[in-house]
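Colleague: Give the three-dimensional model of this entry:
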Amino acid sequence: MTKILLVEDETELADVVMECSKAQVYLVDRIANGAKALDRLKFFDSDIIELDRQFPGLSVIQV
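Modeller: Predicted coordinates:
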């Protein structure tokens with residue numbers, strides 16, 4: 001199963017992306033900011049990382 005890390009601070013948009021991804025049989029883990037995304041990536045692998053362009057914490061480039 002493909003694992004996706006979704007870094008999105010807007011709850012409604014994240015919910016839509018997650019719902020569509022589940023329909024395609026993807027395992028989606030949602031995180032709301034860049035710092036938490038970096039922590040998550042230290043311990044768990046993801047096949048795809050989908051980043052919001054503007055979110056709290058670290059910038060997309062820093063992540």
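
Colleague: now the helices for the chain?
Modeller: 11-23, 34-43 (DSSP state H).

Colleague: Show me the one of the ones you listed that comes nearest Glu50.
Modeller: Closest approach to Glu50 among the helices of the chain (Cβ to Cβ): helix 11-23, 7.2 Å. No exception for glycine: its C-beta is placed from N, CA and C like everyone else's.

Colleague: Show me what that closest one is packed up against.
Modeller: Packed against helix 11-23 by the contact rule (3 or more Cβ pairs under 8 Å, 6 or more residues apart in numbering; DSSP states H and E) you find strand 3-7, strand 27-31.

Colleague: of the ones you listed, which approaches Gln54 most closely?
Modeller: Ranking those by proximity to Gln54 (Cβ to Cβ) places strand 3-7 first, at 11.0 Å.

Colleague: Go through that closest one and flag the buried ones.
Modeller: The neighbour-count criterion (16 or more other Cβ atoms under 10 Å) identifies 4-7 as the buried residues of strand 3-7.

Colleague: now that strand and helix 11-23, what's the angle there?
Modeller: 170 degrees (axes from the mean of the first three to the mean of the last three Cα atoms, to 10 degrees).

Colleague: neighbouring strands for strand 3-7, and are they parallel or not?
Modeller: Strand 3-7 has its sheet partners listed here by DSSP bridges as strand 27-31 (parallel), strand 48-51 (parallel).

Colleague: by how many degrees do it and helix 34-43 diverge?
Modeller: Orientation note: strand 3-7 sits at an angle of 160 degrees relative to helix 34-43 (the same axes, to 10 degrees).

Colleague: can you give me how far strand 3-7 is from the chain middle?
Modeller: Put simply, strand 3-7 sits 3 Å off its chain's centre (Cα atoms, centre = their mean, to the nearest Å).

Colleague: remind me which residues of the chain are low pLDDT?
Modeller: Regions of the chain meeting the criterion pLDDT under 70 cover residues 56-57.

Colleague: before we move on, back to that, of the helices and strands packed on helix 11-23, which is nearest Ala14?
Modeller: Closest to Ala14 of the helices and strands packed on helix 11-23 is strand 27-31 (Cβ to Cβ; 5.2 Å).

Colleague: All good on my end, thank you.
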